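> let's see this in three dimensions:
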Amino acid sequence: MRYCLVALFGLVQLSHLLSVLAIGDELNGGGKNRSDDWSRFRGPLAMGVSDAKNLPEKWSQSSGIAWKTPLPGAGASSPIVYGNKIFLTSYTGYFVPGEDGGSLDELQRHLLCLDLSSGKVLWDKAIAAKLPEEERIRDHGYAANSVAVDAEHVYAFFGKSGVFAFDHAGKQKWQADVGEKTHGWGTSASPVLFGDLVFINASVESESLIALDRATGKQVWKAGGIREAWNTPIVIESQEGRQELVIATQGKILAFAPDTGKPLWSCNTDIGWYMVPCVVAHDGIVYCLGGRSGTASLAVRAGGSGDVTKTHRLWTSPKGSNVSSPVYLDGHLYWAHESREIAYCVEAKSGEVVYEKRLNRAGQFYSSALLADGKLYYVSREGKTFVLAAKPEYEEIAVNDLNDRSVFNASPAVAGNRLLIRSDKFLYCIGE
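Have a look, this model is predicted:
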């Protein structure tokens, strides 16, 4: 299972997006998160969308970079921004690409805090791995889970080593265990904040979706049956106004009541594979990608009860992605396929393909799509960023190459009018 460094939502009129951001803030902590920060995986709405303007279009290793910071170790987690700070994870000591093998006894995860204006590392907290761990993690290593941040804490999930809360000065406040199992594809789901809760997709560790208390880390509720799910769940609102916590698992999309963990509905996906891309939603419709063959995407209307496959599933399609997540804009879904070097645009109401365009010498895409400033950003594992016009007609604006002889697995983040892109070696701040 590849990790999700992957999901979506729409960029429309600015006034409309601001109202949506206000709703998203209410759904995710009632003011504890700031909608102008990139405070969690895939941004303030968890949909890979930003309302930022004047973002860069062209850059290279020799131009358009505000700063470039070497990282202590590799990682696939995305940079997270809160105020003037960036929070990021990496790992050292064992199986680091480009380094000697090391030892599992020396494996450590790092929670890093960097200054947004300069890229300077302000603090670095090393956390020893709880052993035994997997001797090999395919493709993305031991630090694929992005953190989530609020005004009080930074929440980091390190698989069987646990969930950690640190204050913004780097002092650990609590730690919680969510299971003991490991997997050869590692762990990748990121924490999700909602009200006074932290949601953790512990599919790998205990086949569970777990809600922890933000202040103490104590378990509030736990739902089982979360199998083969490497994606980060999201909180959505149905057309009837009900809040739902939605996650994609092998063969099903599941929805729970966020406050209690009560099952609300399930929908068969006809996708027999593990699920990595994050689901995305617009106007109460959930869109899901996944799988390598057969059905690879679908749409389902939220708000149902029990098995809604026959009543609420709107369409299925063989076009999808096994790793990267999409974005939504004005009735269309956009994404890049992880291995076929293809950019897709499909009609959201039907799943019909609008364009299916090969990206020249792109390589693989594990990073999820970013929609901002009327542009789509797709970052390949080789460090190439394809910048396309965000419209249902293919238009390539630029191809930017940051190849630093390492791998780019993380999804990009927005910080003001700049972009943050991380590789196994560096964190780049793109912009003037």
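
> can you count the residues close to the nearest residue to Lys357 once chain neighbours are set aside?
Leaving aside its chain neighbours, Lys357 sits nearest to Tyr394 (4.6 Å; criterion: Cβ to Cβ, 6 or more residues apart in numbering). (C-beta placed from N, C-alpha, C; glycine too.) For Tyr394, the neighbour count with other Cβ atoms under 10 Å is 14.

> go on, Leu245?
Around Leu245 there are 24 residues (other Cβ under 10 Å).

> repeat for Glu99
Neighbours of Glu99 (other Cβ under 10 Å): 12.

> now do the one 10 residues further on
Arg109: 26 surrounding residues under other Cβ under 10 Å.

> any idea how far it lies from Phe408?
20 Å (Cβ to Cβ, to the nearest Å).

> quick one: Ile65 and Gly306, what's the gap?
In terms of Cβ to Cβ, Ile65 sits 52 Å off from Gly306.

> show me where the chain has its helices.
14-27, 203-206, 309-312 (DSSP state H).

> got the contact list for the residue nearest to Ile397 when sequence neighbours are not counted?
Distances taken as Cβ to Cβ, 6+ apart place Val387 nearest to Ile397, at 4.4 Å, with adjacent residues excluded. Shown in contact with Val387 (Cβ atoms under 8 Å, 6 or more residues apart in numbering): Glu57, Lys58, Lys375, Leu376, Tyr377, Glu396, Ile397, Ala398, Val399, Asn400.

> list the contacts of the first one.
Residues in contact with Glu57 (Cβ under 8 Å, 6+ apart) are Lys375, Val387, Ile397, Ala398.

> and the buried ones among these, selectable in PyMOL?
The following PyMOL line selects those of the contacts of Glu57 that are buried, judged by 16 or more other Cβ atoms under 10 Å:
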select buried, resi 375+387+397
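
> from the contacts of Glu57, which land in strands?
Lys375, Val387, Ile397, Ala398 (DSSP state E).

> list just the nearest of these to His282.
Lys375 (19.0 Å; Cβ to Cβ).

> do you know how far the closest one is from Ala390?
6 Å.

> also Gly291?
For Gly291 relative to Ala390 (Cβ to Cβ), the value is 25 Å.

> let's see the pLDDT reported for Val414.
Per-residue pLDDT puts Val414 at 98.

> which one of the helices of the chain has the poorest average confidence?
Minimum mean pLDDT among these: helix 14-27, a mean of 41.

> mind checking pLDDT for Glu99?
Reported pLDDT for Glu99: 89.

> can you check the one 10 residues further on too?
Model confidence at Arg109, expressed as pLDDT, equals 98.

> hmm, it is touching Ala143, no?
Yes: contact criterion Cβ atoms under 8 Å: Arg109 and Ala143 qualify, at 5.6 Å.

> reformat the contacts of Val387 as CSV; add distance to Ile127 and pLDDT.
CSV is the format used below for those (distance: Cβ to Cβ, whole Å; pLDDT from 0 to 100):
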residue, distance to Ile127, pLDDT
Glu57, 38, 97
Lys58, 38, 97
Lys375, 37, 98
Leu376, 35, 98
Tyr377, 31, 98
Glu396, 42, 97
Ile397, 40, 98
Ala398, 39, 98
Val399, 38, 97
Asn400, 34, 98
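
> among the residues you listed, which one sits closest to Trp123?
Tyr377 (29.1 Å).

> contacting residues for that closest one?
Contacts of Tyr377 were listed using Cβ under 8 Å, 6+ apart, and they are Ala369, Leu370, Leu371, Thr385, Phe386, Val387, Pro412, Leu419.

> out of those residues, the closest to Leu114 would be?
Leu419 (14.8 Å).

> give me the nearest residue to the closest one, chain neighbours excluded.
Leu419 sits nearest to Ile430 (Cβ to Cβ, 6+ apart), 4.2 Å away.

> list the beta-bridge partners for the one you found.
Ile65, Leu419 (DSSP bridges).

> burial measure for it, as a count.
The number of residues near Ile430, taken as other Cβ under 10 Å, comes to 24.

> not counting sequence-adjacent ones, nearest residue to Arg340?
Arg358 (7.9 Å).

> Leu212 now?
Val198 (4.5 Å).

> who touches the one you found in this structure?
Ala148, Tyr155, Val163, Pro191, Val192, Ala211, Leu212, Asp213, Arg214, Gly217.

> what bridges to it?
Beta-bridge partners, per DSSP bridges, of Val198: Leu193, Leu212.

> what pLDDT is listed against it?
Looking at Val198, its pLDDT stands at 98.

> could I get the contacting residues of Arg358?
Counted by Cβ under 8 Å, 6+ apart, Arg358 has contacts Arg340, Glu341, Ile342, Ala343.

> which one of those has the most neighbours?
That'd be Ala343 among the contacts of Arg358, by other Cβ under 10 Å, with 23 neighbours.

> surely that one touches Leu359?
Yes: applying Cβ under 8 Å as the test, Ala343 and Leu359 come out as touching, 5.6 Å apart.

> could you name every residue contacting both of the two?
With Cβ under 8 Å, 6+ apart, Ala343 and Leu359 have common neighbours Ala336, Tyr378, Phe386.

> contact partners for the residue nearest to Leu419?
Pro56, Trp59, Gly64, Ile65, Ala66, Arg418, Leu419, Leu420, Ile421.

> so the second one touches Val379, yeah?
No: the criterion here is Cβ under 8 Å, and Trp59 misses it with Val379 at 11.9 Å.

> quick one, which of those two is more surrounded?
Val379 (29 against 21).

> neighbours of the nearest residue to that one once chain neighbours are set aside, how many?
Excluding the flanking residues, the one nearest Val379 by Cβ to Cβ, 6+ apart is Ser367, at 4.1 Å. For Ser367, the neighbour count with other Cβ under 10 Å is 29.

> thank you kindly, that will do.
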